[in-house]
Structure formats: C-alpha cells, structure tokens
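Student: Take a look and give me a structure for this.
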Amino acid sequence: MKRILSHPRLIRIALIILTLLLFLTFGKLLITFVLNENFIAKYHQGHFDPNAAKGLFFEPVSFNEPVSFNKLISSILNWPESYIAPYNYGNVLYHHNDFDGAIDAYRQALALHPPDDKECAIRINLALAMLKKIKEDDIKNIKDIDEALSILHDAKEELFQHQDGCAHREDNNGHSPTAEQLKADIEKKEEELREKKKQLQEQQQNDPSESEEETPEEREKREREQREREEQEKYNDLEKELQEIQEGANEERQEDLERSRNIYGGRSGSYGGKKW
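Tutor: Residues are numbered from 1 along each chain as shown. Just a heads-up that it's a prediction; the model follows:
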C-alpha cells in the first residue's frame, strides 16, 4: 500500500479521477437544480408538461413494479433529493386528470424517503389524487356508496402513515394542519354517504324492487311482468265497464217490457187487430 501511495504517477491519476468525479457530481447537481427550478417556474405559470417533468429523472417507474435498474439509476441521478422528480411528475399528471398515474408517482416519491417536512405534502397530494377517483354523479346505489367509502378510508389512512402522523386518528393535533383539515373533510363526506346509504336501505325495505342486487335480466323480467299486470288490469277494467253497460241495457229493456204490459192490460203476445 505504501509503495502504491509513494508512486507519483498513481497519485496523479487518483487525483485526476477524484477531480473528475467531483466535477461530474457538481455539474450533475447544477444541471438538476437548473432543470428543476425551470420546471417549477413553468409549473407555477400553469404549464403542466408531462414530458418536462419526466425529463427531470431517468425514467418514471411504477411503484407497483419490483426495484429495477432504471429505478436505481433514477435515484442516483437525482441524489440527494431523489423524491423530487417523481413528486413533480405526479403533480403534472394530477393536473392532466391522470389520477392513477399521479398515485403511482406519489408512491414512488414516498418510497425514496423524503424528509419529514416534505412527506406530508406528498401524502396530502396522494390522498387528493385518490379522492379524485370518486365521481359524485356515479354514486347511485349502495354498492357505489361502499366503493366510495372504501376510497375515502384509504385516502384518510395515507394521512396517518407519517412517523408523527400528518393527521392523527384520535385528535386534531397532527403534524400538518392541512392534513388535519383534509381528514375532517373526508370524515364529513363519509357521514354524508353513510346517511345516504341508510336512506337507500330504508327505501329497499319499503320497495324490494329497488334493490341493487337485481340483475339486468331480473329487472327486465320484473318490468315485463309489471307491464303485463297493467295490461291485464286495463282489460279487466274494460270488461267490467262492458258488463255494466250490458246490465244497464238489460234493465232498460226490462223496464220497457213492463211498461208495454201495463199499456195492453198485461196481455202478452202480438197485437191481433181491432174487431169491428
């Protein structure tokens, strides 16, 4: 070892390599900083360009995929704040209504161990992206309500995962006031949906035909039977009306006959003509 260190040429080579590494590291940090600042400036101006965000790191990889070479390179190239690139990418996807893509990007950012003061911001955006998948106009039956409640629960759980709790389960003293406000909004929505579910259940008890368990074939059969019952009722009403008309006509003929008998002295038969 001493022999290697005492060799002037090897020392110079080692120093050159070290200098190149330091230069490349500094250059990489400078480029990353400039690109990121430029991206943030455009982002605040309302320019949400996915390609620009994607260019901030090697290649976005889905959080659900196993650790890959691309993900490793992405982390290295974005050191020491590897989480920033997928976080920014998630923000852009969010503004493009690609909420599934944004969720994956936010989860990838969380997997890269952001600092505590940044983790809550990522978790809040992740929860918001999850909530965006709930479509109010599509909530029409109990099944839809249960699916929405599941999403609300999962989004709220994300706010509890921070070490100190971005939001707390039992009180309002979470690490982030914004997260606590979001938790309160989620819980308010949960109460509204539970009340709506209760109303639908009461309606189904009063009218079993309103059950969402009814298949399209069962619904078609029920509607067909309903039409047949209505047609049968109309036929019965018509038949009853005709019967009443016939009975009225019979009564009228009977009354005419009685009057004729009274006029001719109660005799029946045809008129035989006058005898002169």
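
Student: Run through this structure and note the low-pLDDT ranges.
Tutor: Scanning the chain for pLDDT under 70 picks out 1-7, 21-81, 207-215, 256-257, 259-276.

Student: Recalculate using a threshold of 90.
Tutor: By pLDDT under 90, the low-scoring segments of the chain are 1-89, 92, 95-96, 112-113, 115-117, 135-140, 161-165, 170, 172-175, 200-276.

Student: Helices along that one, start to end?
Tutor: Ranges of helices within the chain are 2-5, 8-44, 50-54, 69-77, 84-95, 99-111, 116-131, 142-160, 177-206, 216-263, based on DSSP state H.

Student: nearest to Arg169, of those helices?
Tutor: helix 142-160 (5.9 Å; C-beta to C-beta). Every residue, glycine included, has its C-beta placed from N, CA and C.

Student: you'd agree Lys196 is up against Ile142?
Tutor: No: in this structure Lys196 lies outside contact range of Ile142 using C-beta atoms under 8 Å: 9.0 Å.

Student: Can you give the domain ranges for this protein?
Tutor: What automatic domain parsing lists as the domains of the chain is 18-114, 135-212.

Student: Pipe the helices of the chain into JSON lines and attach mean neighbour count and distance to Glu170 per row.
Tutor: As requested, these are exported to JSON lines (neighbours: other C-beta atoms under 10 Å; distance: least, C-beta to C-beta, whole Å):
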{"stretch": "helix 2-5", "mean neighbour count": "8", "distance to Glu170": "61"}
{"stretch": "helix 8-44", "mean neighbour count": "12", "distance to Glu170": "36"}
{"stretch": "helix 50-54", "mean neighbour count": "16", "distance to Glu170": "37"}
{"stretch": "helix 69-77", "mean neighbour count": "16", "distance to Glu170": "36"}
{"stretch": "helix 84-95", "mean neighbour count": "23", "distance to Glu170": "29"}
{"stretch": "helix 99-111", "mean neighbour count": "22", "distance to Glu170": "23"}
{"stretch": "helix 116-131", "mean neighbour count": "20", "distance to Glu170": "18"}
{"stretch": "helix 142-160", "mean neighbour count": "17", "distance to Glu170": "10"}
{"stretch": "helix 177-206", "mean neighbour count": "14", "distance to Glu170": "11"}
{"stretch": "helix 216-263", "mean neighbour count": "10", "distance to Glu170": "45"}
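
Student: Distance to Ala167 added to those, as CSV?
Tutor: Output for those, formatted as CSV (distance: least, C-beta to C-beta, whole Å):
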stretch, distance to Ala167
helix 2-5, 56
helix 8-44, 26
helix 50-54, 27
helix 69-77, 28
helix 84-95, 19
helix 99-111, 16
helix 116-131, 9
helix 142-160, 4
helix 177-206, 4
helix 216-263, 42
